[in-house]
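Asker: A predicted structure for the sequence below; I have some questions about it.
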Amino acid sequence: MRIRLLVSEAWRSLGANLSTTFAAMVTVLVGMFLLGLFIFLGTWTLSWSDHVKRELVVKVQFKTSADPGGPATRAQEMAFLNKLNNVKYVKDHRFISKQKAWATMQKREPALLENLGWNPLPDTVEIIPTKAEHIEDIAASLRPPAAGVVAVETGRKYSKRVLQFAHVIELIFTIATVILLVAATMLIANTIRLSIFSRRREIEVMKLVGATNWFIRGPFMIEGLLCGFGGAVLAVLCLVLGRELALPALDLGNLSSDPDVHALAFPLTAAILLVMGLALGALGSGITLRRFLRV
């Protein structure tokens, strides 16, 4: 019975204060729409940076006939591969024979190889780290090079830039999300404050006759929940329209065609926005009411 009373009171207040109700819903709409866009772009960028980090490997080249001491023997190559089983931070490794490297190069750059009468490419091993940040640790543990190995390469300059970029993206995503949520909460609180301010006398009278804080807070909290949910629903609808109309024009597939580069699934994004809309609406009401309940 009490819950029904609180809901009916909140609904009456929403109808009696259409202008502030509309303002609150629009505030939530804008905040959740921006948050939805940021989740899409942020998670896509994080996914892309993770994909680039997975491409970072330690490359080990074995000696060829052109190197001092002649080409690496099969025994030397097997000894090196067995050594990798005891190297820290190694997730996996791929052995690429000179014949396979030649076939790959023929597909990519056939013009470069058409006049060569022999295969100058070395046997190589690509070492996949457990985390991209460990490639230098792996390379350090393989130096000085073992017998039959001519070079241990990490592309240090490139890998350092990739890792720095990935860390910056993660930091920006975290900070911007926090700032956006705080700003949305404060905007919603200020908007709801208009409705509460117009009824401050009513709140004071209810306090003086013995109404508890939670009984007074209930209708306003439900009002905030309804405004937050309504604004979040509108934001999701706007994002659906944007996904159907604007997203094809962006064509993010041209930036990366790899299937593991993708944004957060839209249903999950929509669920997050609806929950955040409810939470921000209630939180905005709760923050604002604290001032007016001090009678």
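Answerer: In hand now; what should we look at?

Asker: any idea how far Phe220 is from Ser285?
Answerer: 5 Å (C-beta to C-beta, to the nearest Å). Just so you know, the C-beta spots here come from the backbone N, C-alpha and C atoms, and that holds for glycine as well.

Asker: same question, Leu84
Answerer: As judged by C-beta to C-beta, Leu84 and Ser285 stand 59 Å apart.

Asker: More neighbours: which of those two?
Answerer: Comparing Leu84 with Ser285 by other C-beta atoms under 10 Å, the one with more neighbours is Ser285, at 28 against 17.

Asker: Surely the more buried one is in a helix?
Answerer: Yes: remark: Ser285 belongs to a helix, assigned using DSSP: H, G, I helix; E, B strand; the rest coil.

Asker: check which helix or strand covers the nearest residue to it once chain neighbours are set aside.
Answerer: Distances taken as C-beta to C-beta, 6 or more residues apart in numbering place Gly224 nearest to Ser285, at 3.2 Å, with adjacent residues excluded. Using DSSP states H and E, Gly224 sits in helix 213-245.

Asker: That helix packs against which elements?
Answerer: helix 2-16, helix 18-54, helix 156-197, helix 200-208, helix 266-292 (3 or more C-beta pairs under 8 Å, 6 or more residues apart in numbering; DSSP states H and E).

Asker: per-residue pLDDT, the most far-flung residue of the chain relative to its centre?
Answerer: Centroid-distance maximum for the chain: Val209 at 50.9 Å, with C-alpha atoms, centre = their mean. pLDDT, Val209: 74.

Asker: likewise Ile3?
Answerer: For Ile3, the model assigns a pLDDT of 64.

Asker: just use 57 as the starting number from now, easier for me
Answerer: Sure, I'll start numbering at 57, so the last one becomes Ile59.

Asker: From Leu281, how far out is the residue nearest the centre of the chain?
Answerer: Nearest to the geometric centre of the chain sits Thr99, at 3.1 Å (C-alpha atoms, centre = their mean). Between Thr99 and Leu281 the computed distance is 27 Å (C-beta to C-beta).

Asker: next one: Ala338
Answerer: 5 Å.

Asker: Between those two, tell me which one has more neighbours.
Answerer: Ala338 (22 against 19).

Asker: Next up, the contacts around the more buried one.
Answerer: Contacts for Ala338 (C-beta atoms under 8 Å, 6 or more residues apart in numbering) come out as 277, 280-281, 284.

Asker: Go again with 10 Å.
Answerer: Contacts for Ala338 were tallied using C-beta atoms under 10 Å, 6 or more residues apart in numbering; they are 244, 273, 276-285.

Asker: Measure how the helix holding Gly280 sits relative to helix 74-110, angle-wise.
Answerer: With axes from the mean of the first three to the mean of the last three C-alpha atoms, to 10 degrees applied, the angle from helix 269-301 to helix 74-110 works out at 60 degrees.

Asker: Please state the mean pLDDT value computed over helix 269-301.
Answerer: Per-residue pLDDT over helix 269-301 has a mean of 79.

Asker: Mind listing what's buried along that helix?
Answerer: Across helix 269-301, burial judged by 16 or more other C-beta atoms under 10 Å covers 272-292, 294-295.

Asker: Could you do stretch 199-215 as well?
Answerer: 202, 204-206, 208, 210, 215.

Asker: tell me the average confidence for it?
Answerer: For stretch 199-215, the mean per-residue pLDDT is 80.

Asker: Relative to Thr129, which of the helices and strands packed on helix 269-301 is closest?
Answerer: helix 212-253 (29.0 Å; C-beta to C-beta).

Asker: so what does that closest one touch, helix or strand wise?
Answerer: Under the contact criterion of 3 or more C-beta pairs under 10 Å, 6 or more residues apart in numbering; DSSP states H and E, helix 212-253 touches helix 58-72, helix 74-110, helix 191-197, helix 256-264, helix 269-301, helix 322-348.
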